[in-house]
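**Student:** Just a sequence and a predicted model for now, questions to come.
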Amino acid sequence: MATSTGRMGLDGKENKVPLDQRPKHTVALQDIPQEQFAFLKSSHNIQPGSDTLWHLSEARYLLKTKLQCNDGELHAAALFHSIYGPLTRFTGNTLVVCDEERQRVRDVIGRRAELTAYAHCVMSRSSFDDAVKRYIQDGGKDTVFKIEVRQDAPAPLELTSSQLRDLMTVHFADWMQQLEPYDFWGYRREAYTTMATALGGVFKRAHEHMMTVQPEKYRDAVIKEMHRGQGGNPINQAETKKMWNWAETYSEDASKFVWPETVEDVVKIVSNAKKLRVAGTRHSCAPLIACDEMVLCTEKLNKIKIDPERRVATVQAGVTCVKLCEAATPYGLALPTLGTIDWQTISGAVMTGTHGGALGIPSLHAFVRSYTIVKADGSIVKVDREREPQLFSAMAPSMGVFGVTVEMEVDMVPAQYLEAKMQIIPWDEVPKRFKTLSESNKYLRVVIYPGLQKATIWTANPVRKGSAVATGATGTSTYMNFRSTEEKEMLVKWLQFEESGLKSAQQEADALLGKVLQSQSKRLQRYEGLYNHVLCLERNHGIPHADMELGFDYQNCEQILTAAIDHFRTHRAPYYNFEIRCTKQDPAMLSCCNERDTLWIDFQAKAGVCRDYFTSLEHVFAPFGYRKHWAKGLDHTQAGYIAKNFPKLPQFLSLLREWDPKAKFQNEHIARFTSQYTTSKL
């Protein structure tokens, strides 16, 4: 007898019915168009016999049979209803939300079906529920319904009544399929009752029947809404009861999370808490949000105000970099610097010292004008760059230990178009060429592939809009990602080969890696686009991993890069690459770039092997006096070494003890560093 695949349902329970005991499974697969199934298999990683295929095909089958829907376009939408996520832990690979990928899906299932599937993936469930209620109130009139979306979707949905009805139809079938296999009875009861009423007829009768057959023990059960994350790595809260970070290195109990909607809410939460940490999009690899009591999530604090004359943006703490970029673009403005992603919150990026890859541009916190912070006692204080320069220089990066930042004023700059180029060189050339490359280009990113002994050199420089395209560059109106879907699949296979530990597998892995570089060098050889579309190379198609990023004195870059390459000549890395960038110095007390231009080397590894790998690298680079990025790799290091390389830590701690003498906003991880100095040393 076959056994269950071990896949988990949305409430965290394994499907109770083994595949060979699911009588409708074979029937449900029989009339799926071959083109649709082939696309799911190649792009969605849906395999024959998988629990995911069973769920998708069964949802489609129920729509056709029990719900008596004869619309082939909606059958396709039901089959593709998880193609863009967000629940990757349940569905497998998901496509990125971008025009290129959406067009690929449209080519297979059509525009109407794709829109329905897309809306099902990205919609805010609560906003959708509100739209359904309005649909009933309006009597199904042809009204436009605006529905909010998750943060990696570019804009809210605007659906007609018929499009909303399509979405309700597919969403209801998805829910109905999961009731019995996963004991899903307690999920959004009121919402599905309302939906059945809106759809009427067979849907209302099916809902009434399902409610009469639910087991008695589930009649009062409640399953919390899933937390639907961004950046390609959403977390299913109901499945895991945990909130994971993007790297999958750390999780926190979901019951500890609170979502304030106003500054007044924040004040109440802070005033009543004994211990508190703040979470944005949980991109940090380190356990920065770990807390015994409560984690405040800034997601709903998302207001933006642009002052184009002053070139200043006022943003609440939950605003992401991408949302600010979108709000600023109509004014011809942009964030002064960006990392390789833009779906993290600006406040989180600032508090952890996020930087870009330009020797002439400092880290993001250098462009903040003021912070509005809720202190430990619940009071609200504004710290201004001009009025209190010393206190201001302690505010960020600080991992949020001074309080809850609820608002910031950020300097903006004119938006630019960039021409980007990529070339491949032998890795031996990197140490001698790096300074010249970084000083002759506005933006530089070097990625070294130890297994191939090669490096890619990526540069970007400002151009007049359209000028590079006019001379042969590829033009792009959206993100130009560092890896395509196909390249990502090859890199995932590289990691699988590497995990085997076999010499033959490593050879196969490196052969795949060579194909990735060939593909990248053609695709990214020369192109032009808006600055954020060019700079945010890692926005999509990312592979979850842990990082350890070390910051060195830029003046020693040739010696340090030579040491890195010499190390990997004799030590095989468990990850296919590491990357090198640089950043201008700034005066912030705990900035890794404090009073020195900085060379960054970012090492990466999967969660299961990162600790030993990163520890070994710390020993290699200890003689060079590195400062470690506050969000990357600090949970496995010698705190004393880190502390001594930040000369302004004593002043920082003196101010911190004045602001928060009971350390309300510190956790055990952060206390390892703040405890390096006693009061007598200050």
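**Tutor:** Here it is on my side, so go on. Every value quoted in this text rests on a predicted model; they were computed, and no experiment measured them.
**Student:** give me every residue that touches Val270.
**Tutor:** Contacts for Val270 (CB atoms under 8 Å, 6 or more residues apart in numbering) come out as Leu276, Leu296, Val374, Lys375, Ala376, Gly378, Gly403, Val404, Lys664. Every residue, glycine included, has its C-beta placed from N, CA and C.
**Student:** If we use 10 Å, what do you get?
**Tutor:** Under the criterion of CB atoms under 10 Å, 6 or more residues apart in numbering, the neighbours of Val270 are 260, 276, 278, 294, 296, 373-380, 403-404, 406, 664-665.
**Student:** Please apply the same query to Lys303.
**Tutor:** Contacts of Lys303 by CB under 10 Å, 6+ apart are Thr262, Thr314, Val315, Gln316, Ala317, Gly318, Val319, Glu407.
**Student:** Under the pLDDT cut-off, which ranges of the protein? List them.
**Tutor:** Where the chain drops to pLDDT under 70, the residues are 1-29, 43-51, 86-98, 140-142, 151-152, 180-186, 216-241, 539-541, 634-637, 676-682.
**Student:** So in it, which helix runs the longest?
**Tutor:** helix 503-523 (DSSP state H).
**Student:** who does that one touch, helix- and strand-wise?
**Tutor:** strand 417-426, strand 443-449, strand 454-463, helix 485-500 (3 or more CB pairs under 10 Å, 6 or more residues apart in numbering; DSSP states H and E).
**Student:** Show me which of those has the highest average neighbour count.
**Tutor:** The highest average neighbour count among the helices and strands packed on helix 503-523, using mean count of other CB atoms under 10 Å, belongs to strand 443-449 at a mean of 23.
**Student:** quick one: strands adjacent to that one?
**Tutor:** strand 454-463 (antiparallel), strand 578-583 (antiparallel) (DSSP bridges).
**Student:** could you dump it to PDB, C-alpha only?
**Tutor:** The C-alpha coordinates for strand 443-449 follow below in PDB (Å, rounded to 0.1, in the frame of the first residue of the first chain):
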ATOM      1  CA  TYR A 443      27.700  50.600  -9.000                       C
ATOM      2  CA  LEU A 444      29.700  47.300  -8.800                       C
ATOM      3  CA  ARG A 445      28.900  43.800  -7.800                       C
ATOM      4  CA  VAL A 446      31.500  41.000  -8.100                       C
ATOM      5  CA  VAL A 447      30.300  37.400  -7.700                       C
ATOM      6  CA  ILE A 448      32.900  34.700  -7.400                       C
ATOM      7  CA  TYR A 449      32.200  31.000  -8.200                       C
END
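**Student:** what inclination does it have with respect to helix 503-523?
**Tutor:** Angle of strand 443-449 versus helix 503-523, following axes from the mean of the first three to the mean of the last three CA atoms, to 10 degrees, is 150 degrees.
**Student:** Please name the bridge partners of Asp384.
**Tutor:** For Asp384, the beta-bridge partners are Ser370 (DSSP bridges).
**Student:** What is the neighbour count of it?
**Tutor:** Asp384: 14 surrounding residues under other CB atoms under 10 Å.
**Student:** and if you look at Gly139?
**Tutor:** Gly139 is flanked by 8 other residues according to other CB under 10 Å.
**Student:** And it, how close does it get to Asp130?
**Tutor:** 17 Å (CB to CB, to the nearest Å).
**Student:** try Gly501
**Tutor:** From Gly501 to Asp130 the distance is 53 Å (CB to CB).
**Student:** Which of the three states applies to Phe392?
**Tutor:** Three-state assignment for Phe392 (DSSP: H, G, I helix; E, B strand; the rest coil): helix.
**Student:** Leaving out chain neighbours, which residue sits closest to it?
**Tutor:** Arg385 (4.9 Å; CB to CB, 6 or more residues apart in numbering).
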